[in-house]
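Participant: Here's a sequence, model it:
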Amino acid sequence: MITANVKFQGTLQSDEIKVKLTEGVVEKEGQSFSFEQLAVDAPVSGTVYGTLLNYKGALEALGEAVNEAPYKAAPKAPILYIKPANTINSHNRPIPLPEGVEALEMGAALGIVIGRTATRVSEEEALGYVAGYTVVNDVSIPHESVYRPAIRQKARDGFCPIGPWIVKREAVQHPDQVHTRVYINGELRQENTTANLIRPVAKLLADVTDFMTLHVGDTLLVGVPEEAPLAKAGDVVRIEIEGVGVLENTIVPEKETAEGGLK
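Facilitator: The predicted structure follows:
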């Protein structure tokens, strides 16, 4: 059993709960709920930053393209982008499928939630700035461009489900050794591990805060593995991150939703 913080729908503050990951149950004040019964909002409050090409396989998949114009070399610093407020979605809520798009990429990502203002932190001290970890689905319309900001493909309404909760940092003793799994309609479609990160969690935090400050409540995604599975309308997507949580959403045609991810 692990301790986590969750934000129930309609509440302004987060509540502490106990989570039994193997049993699919959460407990609060003596009451038990299944993951399917949870009605929650995204548990984060700050800016959400994504990281490109931080999985070894994702960089290797580019092949010689990394040596071509405009940069002609592999990235020497973290490549970041923002998942703006309109993208934020939550557990058990629909992910809108835009009209004219056949399928979406499901980007399983470990989210690092910041607990202290972090500026130029050392790799040795970096984990001390972490409040906890959460599960993120960095949804994207399939595209080939790496160097041009993919705003139209990654910043659509509802394209960043997060949650269902934040587990405390102490519950994940080895964040660089957790497995991620993506299931679509109950079928395992992707499996990877943070052991394959180019920049492990502490190194990523140190490198990012070397040039920008991360504030309390911000979330930094460690990256998305290569070969993100595709999901179509009606598909149920379940992302599991070992020791952190389970995030589930259904792909729904955009015209059937109101205000993006809100129904």
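Participant: which residue packs closest to residue 102, ignoring adjacent ones?
Facilitator: residue 232 (6.6 Å; Cβ to Cβ, 6 or more residues apart in numbering). Using the backbone N, CA and C atoms, a C-beta is placed for each residue, glycine as well.
Participant: Surely the one you found and residue 250 touch.
Facilitator: No. Contact criterion Cβ atoms under 8 Å: residue 232 and residue 250 do not qualify, at 10.9 Å.
Participant: Now do the contacts for the nearest residue to residue 230 once chain neighbours are set aside.
Facilitator: Leaving aside its chain neighbours, residue 230 sits nearest to residue 103 (4.0 Å; criterion: Cβ to Cβ, 6+ apart). The contact partners of residue 103, by Cβ atoms under 8 Å, 6 or more residues apart in numbering, come to 97, 142, 230-232.
Participant: likewise residue 163?
Facilitator: By Cβ under 8 Å, 6+ apart, residue 163 lies in contact with 6, 40-43, 90-91, 134-135, 245, 247.
Participant: Helices - which of the residues you listed land there?
Facilitator: Assigned to helices by DSSP state H, none of the contacts of residue 163 qualify.
Participant: Okay, and which of those map to strands?
Facilitator: 6, 40-41, 90, 134-135, 245, 247 (DSSP state E).
Participant: Can you add pLDDT, distance to residue 14 and neighbour count and give those residues back as a markdown table?
Facilitator: Compiled in a markdown table, those are given as follows (pLDDT from 0 to 100; distance: Cβ to Cβ, whole Å; neighbours: other Cβ atoms under 10 Å):
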| residue | pLDDT | distance to residue 14 | neighbour count |
| --- | --- | --- | --- |
| 6 | 95 | 6 | 22 |
| 40 | 94 | 10 | 22 |
| 41 | 96 | 9 | 21 |
| 90 | 97 | 13 | 24 |
| 134 | 98 | 12 | 27 |
| 135 | 99 | 16 | 25 |
| 245 | 96 | 14 | 25 |
| 247 | 97 | 17 | 26 |
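Participant: For stretch 138-146, C-alpha coordinates in CSV please.
Facilitator: The C-alpha trace of stretch 138-146 is given here as CSV (Å, rounded to 0.1, in the frame of the first residue of the first chain):
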residue,chain,number,x,y,z
ASP,A,138,1.3,12.7,-23.5
VAL,A,139,-1.2,12.4,-26.4
SER,A,140,-0.2,13.5,-29.9
ILE,A,141,-1.4,13.4,-33.5
PRO,A,142,1.1,11.4,-35.4
HIS,A,143,3.7,13.6,-37.1
GLU,A,144,7.3,13.4,-38.4
SER,A,145,8.8,16.7,-37.5
VAL,A,146,11.1,16.7,-34.5
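Participant: how much space between the residue nearest to residue 230 and residue 161?
Facilitator: 16 Å (Cβ to Cβ, to the nearest Å).
Participant: same thing with residue 86?
Facilitator: 13 Å.
Participant: Could you count how many residues lie near residue 51?
Facilitator: A total of 24 residues lie near residue 51 under the criterion other Cβ atoms under 10 Å.
Participant: oh, I was asking about residue 239
Facilitator: For residue 239, the count of nearby residues is 23 (other Cβ under 10 Å).
Participant: what's the distance between the longest helix anywhere in the chain and the middle of its chain?
Facilitator: Criterion DSSP H: the longest helix present in the chain is helix 201-209. Here helix 201-209 is found 17 Å from its chain centre; the criterion is Cα atoms, centre = their mean, to the nearest Å.
Participant: didn't residue 106 look like it was pressed against residue 227?
Facilitator: No. With contact defined as Cβ under 8 Å, residue 106 does not reach residue 227; the gap is 10.7 Å.
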